[in-house]
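Asker: got a sequence here, can you model it:
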Amino acid sequence: MAKYDRVYNFSAGPSTLPVEVLEKCRDQMMNYEGTGESVMEMSHRSAEFKKIIEDAEQNLRDLMNIPDNYYVLFLQGGGTLQFSMVPINLLTKSKKADYIVTGNWGKKAYQEACKFGDIRCVASSEDDNFSYIPKVTPEDIRDDVDYVYICWNNTVFGTHCNEMPNIGDHLLVADMSSCILSEEIDVSKFGLIYAGAQKNVAPAGVTIVIVRKDLVGHAPENTPIYLDYATHCKEGKVSMYNTPPCYSIYVAGEVFKYLKSIGGVAEMHRRDVEKAGKLYGYLDQSKLFKPSVAKEDRSLMNITFVTGDPELDKKFIAGAKERGMINLKGYRTVGGMRASTYNAMPMEGVEALVDYMKQFEDENK
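Answerer: You can find the predicted model right below:
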């Protein structure tokens, strides 16, 4: 591979970050705002870090219009730990939950939840390799479930919930790891939202949990202390029960400031639509490359496509790498290619990819 100062990184995660944020973090690496120390070295109990985490929370609240009756937590363990924390904390009445399984991460969350209660897969798109978002009606949901669960955007397959699932008045829990801050959502329509930060927000290490306050404090008495949301929600010590992932929180906070500076989530969504439209527009008229998912369920964040020839796919991926476009290989269960066009992917990266696809198609007719 040729050497580049900066490649276009289409990885599904950990993923690319805004250059402006990376440059600021670089400049503050050795001396954060005159403190004479790096955030990596800073006590999480210091006044300086207290301001970092409080500013990060407030800026996220501003960006997502998070109501006051929701906690915002910065936890560890990735989205995977939430597969357990959600049922432990929310299976509080009937001990029942219905899962809409839209991809492999939703399937893993369902399998984990089955350890803690009466869990039902109410709908799944596994019959067609998760190439669409399954639909439900309120009648499909059991009347007494404690919550309904869905993964909002599926990195592996390139699908996305482009409308609210029709579940009536039931409590909705959503994994938004790979689409948070890419679209405006009404947080009040969810009981809990969580997101691993390594897609759109920060380096791996911090997980954002947005949970309605009345849902906290009902975990069983034998719940391990870290797995109880109430542990992390104590007044004046939110997200500070133990040493949090300080540097990832700091970077997340800088990303939140950056998003506010460009016009917030609405402007970011406009850019994401434009980027995805450029790539999907080419795919829809290409005679060589084909998109992998149903048109109405396409993701703006993870765009999957194939040539139909695994050897040709490999040739394309290798050629892209030589041209400074990396991590385009599709997930092992899907194959083909996957271009993750997260918030920080510049339009120039998508344009470079489309230009190469046109060239590749001309050369491989």
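
Asker: all strands for the protein, in order.
Answerer: With strands called from DSSP state E, the chain shows them at 8-9, 70-75, 96-101, 118-124, 147-151, 153-154, 159-160, 172-175, 192-196, 207-212, 290-291, 302-306, 325-326, 337-340.

Asker: to S131, which of the ones you listed lies closest?
Answerer: S131 lies closest, by CB to CB, to one member of the strands of the chain: strand 159-160, at 7.0 Å. Placement of C-beta: from N, CA and C, glycine included.

Asker: for the closest one, give me every contacting residue.
Answerer: Applying CB atoms under 8 Å, 6 or more residues apart in numbering, the contact partners of strand 159-160 are 102-103, 125, 130-133, 152-154, 179, 293-294, 297-301.

Asker: show me which helix or strand of the protein is least confident by mean pLDDT.
Answerer: Lowest by mean pLDDT, DSSP states H and E among the helices and strands of the chain is strand 290-291, with a mean of 94.

Asker: show me what that strand is packed against.
Answerer: helix 264-285, strand 302-306 (3 or more CB pairs under 8 Å, 6 or more residues apart in numbering; DSSP states H and E).

Asker: and for the last one, what's in contact with it?
Answerer: If I follow you right, that is strand 302-306. For strand 302-306, contacts defined as CB under 8 Å, 6+ apart pick out 12, 153-158, 178, 276, 279-280, 283, 289-293, 313, 330, 334-341.

Asker: what of the longest one?
Answerer: Applying CB under 8 Å, 6+ apart, the contact partners of helix 264-285 are 62-64, 181-184, 259, 262, 289-291, 298-301, 303, 305, 339, 341, 343, 345, 347, 350-351, 353-354, 357-358.

Asker: for PyMOL, what selects the buried ones among those?
Answerer: In PyMOL syntax, the buried subset of those is picked out as below (16 or more other CB atoms under 10 Å):
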select buried, resi 63+64+181+182+183+259+289+291+298+299+300+301+303+305+339+341+343+345+350+353+354+357
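
Asker: can you give me the end-to-end span of stretch 31-42?
Answerer: For stretch 31-42, the first-to-last residue distance is 11 Å (CA to CA, to the nearest Å).

Asker: hang on, the earlier thing: can you tell me which of the contacts of strand 302-306 are buried?
Answerer: In the contacts of strand 302-306, the ones that pass as buried (16+ other CB under 10 Å) are 12, 153-158, 178, 276, 279-280, 283, 289, 291-293, 313, 330, 334, 336-341.

Asker: if we can go back for a sec, out of the helices and strands packed on strand 290-291, which gets nearest to G205?
Answerer: Closest of the helices and strands packed on strand 290-291 to G205 is strand 302-306, at 21.2 Å (criterion: CB to CB).

Asker: strands paired with the closest one, and their directions?
Answerer: strand 290-291 (antiparallel), strand 337-340 (antiparallel) (DSSP bridges).

Asker: list the contacts of the shortest one.
Answerer: Applying CB under 8 Å, 6+ apart, the external contacts of strand 290-291 come out as G158, Y280, L283, D284, R298, I303, T304, F305, V306, T307, G308.

Asker: contacting residues for V86?
Answerer: Taking CB under 8 Å, 6+ apart, we find V86 in contact with A109, A113, Y147, Y149, V173, L192, Y194.

Asker: any idea which of those residues is closest to V21?
Answerer: Checking these one by one against V21 (CB to CB), the nearest turns out to be Y194, at 22.1 Å.

Asker: I185 and E54: what is the separation?
Answerer: Separation of I185 from E54 (CB to CB, to the nearest Å): 23 Å.

Asker: out of the contacts of helix 264-285, name the ones that lie in helices.
Answerer: Within those, membership in helices is found for D62, L63, M64, L259, I262, M347, V350, E351, L353, V354, M357, K358, as judged by DSSP state H.

Asker: ok, and the closest non-adjacent residue to the last one?
Answerer: Nearest residue to K358 in three dimensions, chain neighbours excluded: Y282, at 7.3 Å (CB to CB, 6 or more residues apart in numbering).

Asker: point out where the stretch 251-365 of the chain drops to low pLDDT.
Answerer: Across the stretch 251-365 of the chain, nothing is flagged by pLDDT under 70.

Asker: how about a cut-off of 80?
Answerer: 333, 365 (pLDDT under 80).

Asker: I'd like the helices and strands packed on strand 290-291 as TSV, with distance to V201 appended.
Answerer: Formatted as TSV, these follow (distance: least, CB to CB, whole Å):
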stretch	distance to V201
helix 264-285	12
strand 302-306	16
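
Asker: return the most buried member of these.
Answerer: Of all the helices and strands packed on strand 290-291, strand 302-306 has the most neighbours on average by mean count of other CB atoms under 10 Å, namely a mean of 25.

Asker: distance from the chain centre to that one, please.
Answerer: Here strand 302-306 is found 17 Å from its chain centre; the criterion is CA atoms, centre = their mean, to the nearest Å.

Asker: equivalent analysis for stretch 356-365, please.
Answerer: Centroid separation for stretch 356-365 versus its chain: 32 Å, with CA atoms, centre = their mean.

Asker: can you list the neighbours in contact with that stretch?
Answerer: Residues outside stretch 356-365 that contact it (CB under 8 Å, 6+ apart) are Y282, S286, K287, L288, F289, L312, K315, F316, G319, A320, R323, M325.

Asker: pull the CA atoms of that stretch into PDB?
Answerer: Extracted in PDB, the C-alpha atoms of stretch 356-365 (Å, rounded to 0.1, in the frame of the first residue of the first chain):
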ATOM      1  CA  TYR A 356     -12.600   4.400  -8.200                       C
ATOM      2  CA  MET A 357     -15.800   2.300  -8.500                       C
ATOM      3  CA  LYS A 358     -16.500   3.900 -11.900                       C
ATOM      4  CA  GLN A 359     -12.900   3.200 -13.000                       C
ATOM      5  CA  PHE A 360     -13.000  -0.400 -11.700                       C
ATOM      6  CA  GLU A 361     -16.400  -1.000 -13.400                       C
ATOM      7  CA  ASP A 362     -15.000   0.200 -16.700                       C
ATOM      8  CA  GLU A 363     -12.000  -2.000 -16.400                       C
ATOM      9  CA  ASN A 364     -14.000  -5.100 -15.400                       C
ATOM     10  CA  LYS A 365     -16.900  -5.200 -17.800                       C
END
